[in-house]
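Asker: based on what follows, work out the 3D shape:
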Amino acid sequence: MRLCTECHWDGWDRIVDIYAERTTTVPDHINADDRFKLVIVEKGAMHIDCGKEKIDVKSPSIILLSHKDKIKVKILKPVKLQILYFDPSVIREEFTYDRIRAGEFEECVGQVIYQDYVLITPFVWFKDLKDRTIEVSLNAMEKIRGLFTSAECELAGQKDGFWPCRSRSYLMELLYFIVYTHIHIEPEEDVSRDALERKEFNAICEYLNEHIADKITVSTITSEFLMNRNKLNDLFMENASMTCMDYLLNLRIDLARIFLTKTEIPIGEVSARVGFSDPDYFTKVFKKKTGVTPTKFRYP
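Answerer: Down below sits the predicted model:
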């Protein structure tokens with residue numbers, strides 16, 4: 001089975017190395033050795049045996065499988081799964097399996113390519129499957145399901161010539177959301193004041209990522225987390241050395257950079273995807289933050 005999506009437009013030979021699948025079973029091609037697999041466990045539970053490890057997984061959760069993983073699965077409770085199969089080269093053409101295996105990108109910290117590499121690091125760095133199996137909140141699952149559905153619709157519908165870029169953009173946004181809310185932000189185990197504040201900070205960061213395309217104000221956050229504006233900004237200055245709104249702006253600009261450099265979707269669409277309803281205002285903010293307009297950033 002070819003785990004890719006072919007263009008069904010007459011005269012187009014385009015193939016995108018992403019394949020979306022919904023299933024209530026675990027297909028044999030889950031062990032395909034030429035794809036990474038992002039498995040969304042929306043419902044149910046299963047026991048996974050990958051030889052050296054045996055783990056139980058229950059919903060809601062996600063599983064990040066590399067091309068090397070070979071698993072056997074026993075369904076414990078009926079499951080509902082969504083799976084995205086992809087070749088890492090759809091993120092960046094340099095990301096071939098040979099070059100990843102050689103550790104070629106490990107020393108690229110600070111370079112533009114490293115920002116893209118971060119999106120696939122969980123598949124590469126974490127050898128144990130338990131570290132690539134992540135329980136998520138119901139709110140996070142709603143965000144994850146939404147991005148999967150958007151990618152799936154682009155791959156299946158191919159409504160315009162931007163479908164290859166747009167489907168890749170939803171995959172990258174999904175990876176961005178997972179990495180920056182569930183990989184880099186680790187919960188604290190102790191119950192000290194500092195640990196509780198860090199947990200609160202992490203919860204707000206997750207909320208910001210979940211709602212990155214929505215209108216968010218300081219009042220939105222203070223109402224959602226029952227705190228005053230001073231405490232909110234003190235919390236972010238302590239943990240991120242910036243205000244909450246500056247942190248959100250950085251998230252949005254970072255995601256916009258990915259869309260601008262890795263896709264050809266219109267700038268107005270990029271603007272909306274990162275929470276700016278006015279493209280002109282987005283251009284103004286982006287230029288202030290990066291020194292160039294979105295168009296110049298895309299075509300330097």
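
Asker: separation between Thr133 and Gly146?
Answerer: Per Cβ to Cβ, to the nearest Å, Thr133 is found 21 Å from Gly146. Every C-beta, even on glycine, is put in place using the N, C-alpha and C of the backbone.

Asker: so for those two, which sits in the more crowded spot?
Answerer: Thr133 (20 against 14; other Cβ atoms under 10 Å).

Asker: how near is that one to Glu21?
Answerer: Using Cβ to Cβ, Thr133 is found at 19 Å from Glu21.

Asker: how far off centre is the lowest-mean-pLDDT helix or strand in the chain?
Answerer: Lowest mean confidence among the helices and strands of the chain (mean pLDDT, DSSP states H and E): helix 193-210, at a mean of 85. Here helix 193-210 is found 18 Å from its chain centre; the criterion is Cα atoms, centre = their mean, to the nearest Å.

Asker: and it, which residues are buried?
Answerer: Within helix 193-210, the residues that qualify as buried by neighbour count (16 or more other Cβ atoms under 10 Å) are 197-198, 200-210.

Asker: stretch 34-46 now?
Answerer: Under the neighbour-count criterion of 16+ other Cβ under 10 Å, stretch 34-46 has Arg35, Phe36, Lys37, Leu38, Val39, Ile40, Val41, Glu42, Gly44, Ala45, Met46 buried.

Asker: same check on stretch 8-22?
Answerer: Val16, Asp17, Ile18, Tyr19, Ala20, Glu21.

Asker: who's in contact with that stretch?
Answerer: Residues from elsewhere that reach stretch 8-22 (Cβ atoms under 8 Å, 6 or more residues apart in numbering): 2-7, 27, 35, 80-87, 89-90, 148, 151-152, 155-156, 158, 164, 167-168, 171.

Asker: the most centrally placed residue in the chain: what's it in contact with?
Answerer: What sits nearest the mean C-alpha location of the chain, by Cα atoms, centre = their mean, is Leu175, with 2.0 Å. With contacts taken as Cβ under 8 Å, 6+ apart, Leu175 has the following neighbours: Leu38, Ile91, Leu119, Ile120.

Asker: now it: which helix or strand?
Answerer: helix 163-178 (DSSP states H and E).

Asker: okay, the angle between that helix and helix 193-210?
Answerer: 170 degrees (axes from the mean of the first three to the mean of the last three Cα atoms, to 10 degrees).

Asker: helix 163-178: how far from the chain's middle?
Answerer: Using Cα atoms, centre = their mean, the offset of helix 163-178 from its chain centre is 7 Å.

Asker: equivalent analysis for stretch 247-259, please.
Answerer: The answer for stretch 247-259 is 13 Å, by Cα atoms, centre = their mean.

Asker: output it as PDB - backbone C-alpha positions only.
Answerer: Taking C-alpha atoms only, stretch 247-259 is exported to PDB below (Å, rounded to 0.1, in the frame of the first residue of the first chain):
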ATOM      1  CA  TYR A 247       4.800  35.000  24.600                       C
ATOM      2  CA  LEU A 248       1.700  34.500  22.500                       C
ATOM      3  CA  LEU A 249       3.000  36.900  19.800                       C
ATOM      4  CA  ASN A 250       6.200  34.800  19.600                       C
ATOM      5  CA  LEU A 251       4.200  31.600  19.200                       C
ATOM      6  CA  ARG A 252       2.200  33.200  16.400                       C
ATOM      7  CA  ILE A 253       5.200  34.700  14.600                       C
ATOM      8  CA  ASP A 254       7.200  31.400  14.900                       C
ATOM      9  CA  LEU A 255       4.300  29.400  13.300                       C
ATOM     10  CA  ALA A 256       3.900  32.100  10.600                       C
ATOM     11  CA  ARG A 257       7.600  31.700   9.700                       C
ATOM     12  CA  ILE A 258       7.000  28.000   9.200                       C
ATOM     13  CA  PHE A 259       4.000  28.600   7.000                       C
END
